[in-house]
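# Sequence first, predicted coordinates after that:
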Amino acid sequence: MSTITNLSELTGHYALSPGHSRIGFVARHTMATRVRGRFEEFEGSAYLDGGDPAASSVRLTIPAKSIQTGNRLRDDLLRSKFLDVDNHPALAFASTGVEQLDRSDYRLTGDLTLRGVTKPVTLDVELTDGGTGMEGDFYAGFRASVTLDRSDWGANWNALTAVFLSPKVTLECDVVAIRQH
C-alpha cells in the first residue's frame, strides 16, 4: 500500500536502488518443479510524471553473466547456452509507453533486448510504496511482472530443452527507485 497521497508527488528523475531491489525469474523445469533465479547486477533509471503517467519512461540494463539460480552448473549452462553471454553481454529494456489503469496499477510497454533480439513486451506494474526514506531521499517502490516465451529470443539449447523446460519464463521485479536531486 502506497504512502503517497498525491501522484504528482512522484514526478522526477529516479535511479534504481540495486541494494533494495530484486530482478528475478521463474521457469518450470520438468512437470513438477520450478526453478527460481535472479540477476545479481543491474542498473536502471526512470522519469516518473505523476501528473501525466504516459509521459514517464524507464530504462534497465542487466549484465547477463550476473544470472544466479543457486546451482553453479545450471548457472554456467544458462550463461553459455541460453543467454550466450560471450556474444550478448547484456539484457536491456527501454519503455515505449505507460498506461495508468487505476491509482496504483500501470501497464508498461517497451522493447526487451535479449541475445541480440529486440521484441516488444508489456509488464503489469504496481506502485507498492513511496515516500521519504530513512536517509531523507524520496523513493518509489514498484512490483512488475511479465511472462515471456524464451523461444521468441532464441534462448534455447537444443531440442530436448522444450521437453524438460517450459518455454514460458516469468520475469519478476520488486524495485525501489530513488529520486535524484
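Perfect, I can see it now.
# Look at Leu165 and report its pLDDT.
Per-residue pLDDT puts Leu165 at 65.
# What number of residues are in the vicinity of Leu171?
19 (other CB atoms under 10 Å). (C-beta placed from N, C-alpha, C; glycine too.)
# For the chain, name the helix or strand with the lowest mean pLDDT.
Sorting the helices and strands of the chain by mean pLDDT, DSSP states H and E puts helix 161-164 at the bottom, at a mean of 56.
# now the strands for the protein?
Using DSSP state E, the strands of the chain run over 12-16, 22-29, 33-39, 43-48, 57-63, 67-68, 90-100, 105-114, 117-132, 138-149, 165-179.
# Select, out of the ones you listed, the one closest to Arg79.
strand 67-68 (6.3 Å; CB to CB).
# Contacts made by that closest one with the rest, please.
Gly37, Arg38, Phe39, Glu40, Asp75, Leu78, Arg79, Leu83 (CB atoms under 8 Å, 6 or more residues apart in numbering).
# What pairs with it, parallel or antiparallel?
strand 33-39 (antiparallel) (DSSP bridges).
# which parts of the partner strand are buried?
Val35, Gly37, Phe39 (16 or more other CB atoms under 10 Å).
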